[in-house]
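[1] predicted model, plus sequence, below.
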Amino acid sequence: MTIRIRTAAALAGTALLTAGLTVPAATAAPAPATPTTRAASATAPHRVLFDNSKAETAGNADWIISTSQPDPLAQNASPTTEKSWTGALSAWGVALQKTGQYSLKTLPAGSTISYGTGAALDLANFDTFVIPEPNTRFSASEKTALMNFVKNGGGLFLVSDHINSDRNNDGWDSPKIINDLLTNNGVNNNDPFGFSVDLLNITTDNPRAANAPTDPVLHGPFGTVTGSILRNGTTFTLKPADNPNVKGLVYRTGYSGNTGAFFVTSTFGSGRVAIWGDSSPIDDGTGQSGNTLYNGWDDPAGTDAALALNATAWLSKA
């Protein structure tokens with residue numbers, strides 16, 4: 001697939017979030033089988049965990065906020081631009097960090113996704129989990145952990161890519177991996193979020209935002225979303241009969257309703273879900289040496305930064 005890049009200057013002047021903040025639950029550790037709900041506070045930041053356990057840097061991909069993992073602040077405690085941290089998602093991370101209202105971590109390669117185990121990087125300790133183009137299939141226990149995390153109030157941000165985008169040649173690409181999560185997770189196997197990933201490779205398009213003036217993702221604290229870019233990606237089929245809360249926010253040219261959705265949101269239990277059909281829009285182009293990256297984050301054909309950041313805020317219930 002074609003990957004994209006971005007420059008940092010476009011996020012200067014981003015408005016700070018003004019919504020109420022969530023905070024970790026009390027000091028007592030929850031029992032592994034029953035993670036507790038975190039209490040609200042006006043001082044603690046929203047906690048976002050970015051995944052790097054599913055080969056997100058395989059091949060030419062570089063979908064990390066920093067090479068310093070789990071804590072990007074160990075690379076630079078006061079980042080100012082995407083170049084402050086090393087990774088093609090550093091612009092995303094730095095933009096959140098600069099608001100002062102987010103605490104960011106990365107689940108490193110070799111880790112297992114868990115929920116309710118008491119581990120430091122367990123999903124129970126976070127408000128939102130970002131999985132940017134997974135290239136390794138989730139295990140049975142990981143799929144159950146993801147579903148229970150959302151069901152109990154967590155935010156899940158998935159980024160897919162096009163069919164046959166298997167970067168590590170293990171027989172699984174992100175569309176197949178995400179569809180497997182939705183149909184074989186041990187919690188609800190009937191498309192619980194109300195969408196499925198289309199097995200397509202759409203070479204290029206500039207999808208446009210739906211007319212939804214009150215939607216908090218299209219019109220959020222980081223700006224108004226008018227559209228996105230699609231450069232070798234896919235779309236989603238909506239299934240409102242399975243989940244009436246599913247909503248298409250950005251659509252491929254010529255599509256609307258239940259087909260051709262490029263950015264989708266939904267809910268499950270007390271949690272929230274968002275999914276994007278291409279990794280190109282989140283690429284800021286400042287990744288590790290040897291990777292060929294392209295500017296999608298600041299591409300003038302879309303408002304990708306606002307879309308990523310508004311969605312993160314919505315998922316985190318900011």
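    Ah, there it is. Numbering: from 1, shown residues only.

[2] mind jotting down where the helices sit in the stretch 101-250 of the chain?
    Using DSSP state H, counting those that start in this stretch, the helices assigned to the stretch 101-250 of the chain run over residues 140-151, 174-183.

[3] let me have these in CSV, extended by mean pLDDT.
    Formatted as CSV, the helices of the stretch 101-250 of the chain follow (pLDDT from 0 to 100):
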stretch, mean pLDDT
helix 140-151, 98
helix 174-183, 98
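
[4] tell me which of those approaches residue 280 most closely.
    helix 174-183 (12.7 Å; Cβ to Cβ). Every C-beta, even on glycine, is put in place using the N, C-alpha and C of the backbone.

[5] give the other helices and strands that the closest one contacts.
    With contacts defined as 3 or more Cβ pairs under 8 Å, 6 or more residues apart in numbering; DSSP states H and E, the secondary structure elements packing on helix 174-183 are helix 140-151, strand 195-197.

[6] which residues touch it?
    Contacts to helix 174-183, defined as Cβ atoms under 8 Å, 6 or more residues apart in numbering, come from residues 54, 133-138, 143, 146-147, 158-163, 165, 172, 189-193, 195-199, 234, 275.

[7] residue 280 against residue 229, yeah?
    Yes: the pair residue 280 and residue 229 qualifies as a contact (Cβ atoms under 8 Å) at a distance of 6.1 Å.

[8] and these two? which has more neighbours close in?
    residue 280 (30 against 24; other Cβ atoms under 10 Å).

[9] how near is the more buried one to residue 170?
    22 Å (Cβ to Cβ, to the nearest Å).

[10] hmm, back to that, which of the contacts of helix 174-183 count as buried?
    Under a neighbour-count criterion of 16 or more other Cβ atoms under 10 Å, the subset of the contacts of helix 174-183 counted as buried comprises 54, 133-138, 143, 146-147, 158-163, 165, 172, 191-193, 195-198, 234, 275.

[11] figure out which of the helices of the stretch 101-250 of the chain is closest to residue 251.
    Using Cβ to Cβ as the measure, helix 174-183 is the one of these that comes nearest residue 251, at 18.0 Å.

[12] next, the buried residues of the closest one.
    Within helix 174-183, the residues that qualify as buried by neighbour count (16+ other Cβ under 10 Å) are 174, 175, 176, 177, 178, 179, 181, 182.

[13] stretch 48-59 now?
    Of the residues in stretch 48-59, those scored as buried under the neighbour-count criterion (16+ other Cβ under 10 Å) are 48, 49, 50, 51, 52, 53, 54, 55, 56, 57, 58.

[14] let me see the contact set for the fifth one.
    Listed by Cβ under 8 Å, 6+ apart, the contact set of residue 52 reads 63, 64, 69, 106, 107, 108, 109.

[15] do the first one as well
    By Cβ under 8 Å, 6+ apart, residue 48 lies in contact with 96, 102, 103, 104, 105, 126, 127, 128, 129, 130, 312, 316.
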